[in-house]
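Student: fold the following for me, if possible:
(one chain, ligands or ions: 1)
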Amino acid sequence: MAGEIRNLTESEKKVYSRNILLPEVGEAGQAKLLQSRVLVAGLGGLGSPALLYLAAAGVGEIGLADCDTVDFSNLQRQILHGRGDVGRHKVDSAVDSITRLNPDVRLNPHKTALDAENAAAIIEPYDFIIEATDNFESKFLINDTCVRLGKAFSHAGVLGTFAQTMTVVPGKCPCYRCVFEDVPPAGTYETADRAGVLGPVAGAMGAIQATETIKYLLGTGGLLVGRLLTWEAMEMSFREVSLRTDRRCAVCRSAGAPT
Ligand SMILES: [Zn+2]
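Tutor: Numbers count the residues shown, from 1 in each chain. Below is the predicted model:
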């Protein structure tokens, strides 16, 4: 996002005309998006729609992080990948999908899971992070690393027909650890492998994550900070829970966040 705002080319004005028409975007906002860098961590049910929308919107540089290969059981919700991609690395399959959609986006492949050794180096160059992983260890690791580095990110989680999402801007609002404390003990929670996931429920959350990203990059609108949005799709009931910074949160304290 840094640096001088450049002028759009004629081709960019055509491709992004429906963004540019929005008063919240305009040509200056589109130029900002084109000069922005976003990391999508997890290329599954949440990351698929988030990545597709960010690439279509013209985010200039996108990092793709995943360690997995495409499985038949992924395809009912992970719409970046098709039947012919089964067995391929998800990062390779995502690069092909995004190149078809918008060849102007610069893609940085990270064929690895984020871990304590590599997380800071992978996250550091990006302006915003999409946390679209499917396990608590990764969710806490991304939260802790982003808070320490001062990087804003969007969290989402989905299971069955239930989903939740929140945005974290470090130092300005509660973090994921303030709300959920720590990785729950093994055996005390369900996973998509056992309980299933309704594809469009993940899709809607990924679309919300992309929307939050665009708003953050543009510096406009009201972000989903200090509140957790939950959705039970069977009842079609959305709820919002107000969140508070936990004074005992080790990661917020170490990052010097106000308590
Ligand atoms: Zn915290």
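Student: which residues of this protein score low on pLDDT?
Tutor: Counting by pLDDT under 70, the chain has low-confidence residues at 1-3, 257-259.
Student: does the most centrally placed residue in it sit in a helix, a strand or a coil?
Tutor: Note on the chain: the residue nearest the mean C-alpha position is Ile130, at 1.8 Å, using Cα atoms, centre = their mean. Put simply, Ile130 is strand when judged by DSSP: H, G, I helix; E, B strand; the rest coil.
Student: the one 3 residues further on now?
Tutor: The assignment at Thr133 comes out as coil when based on three-state DSSP.
Student: ok, Gly221 next?
Tutor: Under three-state DSSP, Gly221 comes out as coil.
Student: and it, how many neighbours does it have?
Tutor: By other Cβ atoms under 10 Å, 12 other residues sit near Gly221. Every residue, glycine included, has its C-beta placed from N, CA and C.
Student: ok, now Ala57?
Tutor: Other residues close to Ala57 by other Cβ under 10 Å number 22.
Student: which SSE is immediately downstream of the longest helix seen in the chain?
Tutor: The longest helix of the chain (DSSP state H) is helix 199-218. Downstream of helix 199-218, the next assigned helix or strand under DSSP states H and E is strand 227-232.
Student: return the helix or strand just after that following strand as CSV; C-alpha atoms alone will do.
Tutor: Remark: after strand 227-232, the chain's next helix or strand is strand 237-242, criterion DSSP H and E. What follows is strand 237-242 as a C-alpha-only set of coordinates in CSV (Å, rounded to 0.1, in the frame of the first residue of the first chain):
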residue,chain,number,x,y,z
SER,A,237,-29.9,-16.2,11.8
PHE,A,238,-27.0,-13.8,12.0
ARG,A,239,-25.9,-12.6,15.4
GLU,A,240,-23.2,-10.1,16.6
VAL,A,241,-21.4,-10.5,19.9
SER,A,242,-19.5,-7.6,21.4
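Student: what's opposite Ser242 in the beta bridge?
Tutor: For Ser242, the beta-bridge partners under DSSP bridges are Arg227.
Student: thought it was touching Gly226?
Tutor: Yes. Ser242 is in contact with Gly226 according to Cβ atoms under 8 Å; the separation is 6.8 Å.
Student: tally of neighbours for the closest residue in space to Val168 that isn't next to it in sequence?
Tutor: Leaving out its chain neighbours, the residue that sits closest to Val168 by Cβ to Cβ, 6 or more residues apart in numbering is Cys175, at 5.1 Å. Neighbourhood size, Cys175 [other Cβ under 10 Å]: 27.
Student: now do the one 5 residues further on
Tutor: Each residue near Phe180 was counted by other Cβ under 10 Å, and the total is 17.
Student: would you mind measuring from it to His89?
Tutor: Distance, Phe180 to His89, by Cβ to Cβ, to the nearest Å: 30 Å.
Student: with Asn108 instead?
Tutor: 14 Å.
Student: compare Ser242 and Gly226 (neighbour count), which wins?
Tutor: Taking neighbours as other Cβ under 10 Å, Ser242 and Gly226 compare with Gly226 leading, 16 against 8.
Student: is it true that that one touches Val179?
Tutor: No. Counting by Cβ under 8 Å, Gly226 does not reach Val179; the two are 10.2 Å apart.
Student: so what sits against both of these two?
Tutor: Shared contacts of Gly226 and Val179, defined by Cβ atoms under 8 Å, 6 or more residues apart in numbering, are found at Leu243.
Student: what's the span of stretch 8-28 from first residue to last?
Tutor: The first and final residues of stretch 8-28 sit 9 Å from each other (Cα to Cα, to the nearest Å).
Student: hmm, who's touching that stretch?
Tutor: Ile5, Asn7, Gly29, Gln30, Ala31, Leu33, Leu34, Ala57, Gly58, Leu218, Thr220, Gly221.
Student: and of those residues, the nearest to Arg248?
Tutor: Gly221 (31.3 Å; Cβ to Cβ).
Student: residues from the stretch 51-200 of the chain in reach of the ion?
Tutor: Contact residues (Cβ under 5 Å from the ion) of the stretch 51-200 of the chain with the ion: Cys175, Arg177, Cys178.
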